[in-house]
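A.B. asks: using only what follows, build the 3D model:
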Amino acid sequence: MSNIFNMEKKQNGNIPPMWVEGELRLAGALDNRIIGLLTAIQKTGSLNQAAKQLGLSYKGAWQILERTNNSAPKILVTTATGGSKGGGSCLTDAGQALLALFTRLEQQHQHFLEQLNRDLANNPDMVLLLQRLVVKTSARNQLFGRVTDIRAGSVNAEVMVQLKGGETIVTTTDLSLLTELELKIGVDAVLLINSADITLVVEANSHQFSARNHLACHVLSIQQTAANVEVIVLLPSGETLIANIVPESLENLKLSIGKPVWVIFKANVPYLGIRE
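C.D. replies: Numbers count the residues shown, from 1 in each chain. You can find the predicted model right below:
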């Protein structure tokens, strides 16, 4: 399994990621569901066919239409039953005018949202904050930073990521992925670290470790169960990391709230995500 991944899907053209989203709603009641029903009626000439097209029951579509007609100053849809043609539904002049108005406003609404997202895309600090909110993963720990150095070897590459507090984390990845993902110095990155892969150490200066990553921090919280202990530590940057240890380790390390500790993990532990 690779330990590098994309944080976002590629965008087409110059349209930025849609950080800001919103549905157009008129008068607190007219929304895309109602407008979608009116559009389907206009295309099919049938409330029954319109309901099927939208995945609604006939009764559900009728109730939506009835509430809309009752709340509007003018009838929006007329429905005929029976007759030689088997009846049908069609938009009145008022219904067509409402549909045209909503379509025009929806276009302006989308342009407005795109402009807001372009403005956000030009603010790298805000984008980094928003990325943190949308990354979904089973890994308990997420650290955000920027790639500052890439050292390619014969098989693997070392990638250095500097956190916002100035700490540097080293992670290794397959050399082939550097070319595939066009990984470059200066790109924003996220590091995903499983809590079980973190080792807590006190008085790290008195030990020798093969692990490349050593981060000074202090204990912020301790949650103990019968099976394990969840220790949350605070980095100088204000970011937190979660480590899972056994109860015996808690006793041996004599951990307590506020105690200085070191978190240690190997370079092959973090999963590196980059923003394209």
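
A.B. asks: residues touching the strand or helix carrying residue 68, excluding its own?
C.D. replies: Assigned by DSSP states H and E, residue 68 falls within helix 58-71. The set of residues external to helix 58-71 that reach it, using CB atoms under 8 Å, 6 or more residues apart in numbering, is 29-30, 33-34, 37, 47-48, 50-51, 54, 56, 75-77, 79. Any C-beta I mention is one placed from the backbone N, CA and C, and that applies to glycine too.

A.B. asks: swap in 6 Å and give it another go.
C.D. replies: Residues outside helix 58-71 that contact it (CB atoms under 6 Å, 6 or more residues apart in numbering): 34, 37, 47-48, 51, 75-77.

A.B. asks: what sits against the closest residue to residue 164 other than its chain neighbours?
C.D. replies: Excluding the flanking residues, the one nearest residue 164 by CB to CB, 6 or more residues apart in numbering is residue 237, at 5.1 Å. Contact analysis of residue 237 by CB under 6 Å, 6+ apart lists 163-165.

A.B. asks: show the buried residues in the contacts of helix 58-71.
C.D. replies: By neighbour count, with 16 or more other CB atoms under 10 Å, those hold 34, 37, 47, 51, 76-77 as buried.

A.B. asks: which one among those residues gets closest to residue 233?
C.D. replies: When those are compared for distance to residue 233 (CB to CB), residue 34 wins out at 51.8 Å.

A.B. asks: what residues are up against the closest one?
C.D. replies: residue 68.

A.B. asks: need the buried ones from the contacts of residue 237 selected in ChimeraX.
C.D. replies: Of those, the buried ones go into a single ChimeraX selection, burial set by 16+ other CB under 10 Å:
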select :163
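
A.B. asks: with secondary structure as new columns, can the contacts of residue 237 be given to me in CSV?
C.D. replies: Listed next are those as CSV, based on DSSP: H, G, I helix; E, B strand; the rest coil:
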residue, secondary structure
163, strand
164, coil
165, coil
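
A.B. asks: make a markdown table out of the contacts of residue 237 and add pLDDT and distance to residue 265.
C.D. replies: Formatted as a markdown table, the contacts of residue 237 follow (pLDDT from 0 to 100; distance: CB to CB, whole Å):
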| residue | pLDDT | distance to residue 265 |
| --- | --- | --- |
| 163 | 88 | 14 |
| 164 | 82 | 19 |
| 165 | 83 | 17 |
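
A.B. asks: before we move on, back to that, in strands, which of the contacts of helix 58-71 appear?
C.D. replies: Of these, the ones assigned to strands by DSSP state E are residue 77.

A.B. asks: format the contacts of helix 58-71 as CSV; extra columns: pLDDT and distance to residue 194.
C.D. replies: Formatted as CSV, the contacts of helix 58-71 follow (pLDDT from 0 to 100; distance: CB to CB, whole Å):
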residue, pLDDT, distance to residue 194
34, 89, 47
37, 91, 48
47, 90, 54
48, 89, 54
51, 90, 48
75, 88, 61
76, 89, 56
77, 90, 56
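
A.B. asks: about what we covered before: same list (the contacts of residue 237) but as CSV, adding distance to residue 242.
C.D. replies: Formatted as CSV, those follow (distance: CB to CB, whole Å):
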residue, distance to residue 242
163, 16
164, 18
165, 17
